[in-house]
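Enquirer: Let's see this in three dimensions:
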Amino acid sequence: MRASRGISIHTGMAFLRNEFYNMSIYRVSFWINLFYTFLMMYSVGYVWRALYAANPNVSGVPLPQMISYAVLGVALEAILHPRNGPQIYIMEQVRKGTIEMDIMKPIDFQFYMFAKNMGSIAVRFLFLVLPSLIVAFFLFSLKLPDLSALFGFLCSLVFSIIVSFFLNFILGLLSMITMNIRNINWGYNALLRFFSGQMVPLWIFPSALGVISDFLPFRCIYAIPMSIYIGNYAGIDMLRELGVQFTWILVLGLLSRLLMKRVFARVMIQGG
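Expert: Reported below is the predicted structural model:
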């Protein structure tokens, strides 16, 4: 157990160092991403202010809460967008014909992808999400939530990252069958943006779309943590939503393991 834990920590730290190294190389890309985040935060803040000026009850919550929700959705995109998921790496390895080198490593493939993805997320959180939120607090006069909401938000954010990883990992496994998932990934991103509540909160959806979103895992990625942050879910409601996220983690985790076994068996049979 101790040896396994030591390997896990060592692997995680290795990927974290590698991501710091990559960011130091691709500095121009980093500054472009940071500028894009600031620009999008200002844009969504301006749009919601204009909407509230026309109709103060447009979303059913006070303007400061709505701006906090919208700005948080933009900031979290740096770590939750599908372009930062493991499926892109897997698809490229499949395209180059070198995916078997990853599969044959003396480490569980799913854990390997998870550790690699978490290293990227940790760096992006430190250098993109946190600076963006700090600027947003001064730009929009945002306020921190109370301690219980902040703790719930952080727990929910961890769950959302895991849910996002499992969905992206499943897409990556599909690339071993279809060879190219660019169109699938594009469609997934469109569904995610619409049903996750990233830009438009789910509580203002028409009833039919609201019911559909309740049965999909996408709201676990953005809507639940952001709603907890602004206080829409508190007490029992917050615990219930955390339970929804945890349930999806179990379901998607089991599904991804079963699919991985089926895909690997197919790859081995075909001689891949």
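
Enquirer: what's near enough to touch the residue nearest the centre of the chain?
Expert: For the chain, the residue nearest the mean C-alpha position is residue 80 (2.4 Å; C-alpha atoms, centre = their mean). Contacts of residue 80 were listed using C-beta atoms under 8 Å, 6 or more residues apart in numbering, and they are 160-161, 164, 221-222. Backbone N, C-alpha and C define where each C-beta goes, glycine included.

Enquirer: can you rerun that using 7 Å?
Expert: For residue 80, the contact set (C-beta atoms under 7 Å, 6 or more residues apart in numbering) comprises 160, 164, 221-222.

Enquirer: buried set for the helix ranked longest in the chain?
Expert: Ordering each helix of the chain by length in residues (DSSP state H) puts helix 236-269 first. Judged by neighbour count using 16 or more other C-beta atoms under 10 Å, the buried positions of helix 236-269 are 238, 241-242, 244-246, 248-249, 252-253, 256, 259-260, 263, 267.

Enquirer: now do stretch 150-160
Expert: In stretch 150-160, counting by 16+ other C-beta under 10 Å, buried: 152-153, 155-157, 159-160.

Enquirer: can you check stretch 182-198 too?
Expert: Using 16+ other C-beta under 10 Å as the test for burial, stretch 182-198 gives 185, 188, 192-198.

Enquirer: next one: that stretch to chain centre, how far?
Expert: In terms of C-alpha atoms, centre = their mean, to the nearest Å, the centre of stretch 182-198 is found 12 Å from the chain centre.

Enquirer: mind saving the C-alpha coords of it as CSV?
Expert: Extracted C-alpha coordinates of stretch 182-198, given in CSV (Å, rounded to 0.1, in the frame of the first residue of the first chain):
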residue,chain,number,x,y,z
ARG,A,182,-12.8,15.6,-33.8
ASN,A,183,-16.4,15.8,-34.9
ILE,A,184,-17.6,13.8,-31.9
ASN,A,185,-15.5,16.1,-29.6
TRP,A,186,-17.0,19.1,-31.2
GLY,A,187,-20.6,17.8,-30.7
TYR,A,188,-19.7,16.9,-27.1
ASN,A,189,-18.4,20.4,-26.5
ALA,A,190,-21.6,21.9,-27.9
LEU,A,191,-23.8,19.8,-25.6
LEU,A,192,-21.5,20.6,-22.6
ARG,A,193,-21.8,24.3,-23.1
PHE,A,194,-25.6,24.2,-23.5
PHE,A,195,-26.5,21.7,-20.8
SER,A,196,-23.8,22.4,-18.2
GLY,A,197,-25.1,25.9,-17.3
GLN,A,198,-21.7,27.4,-18.0
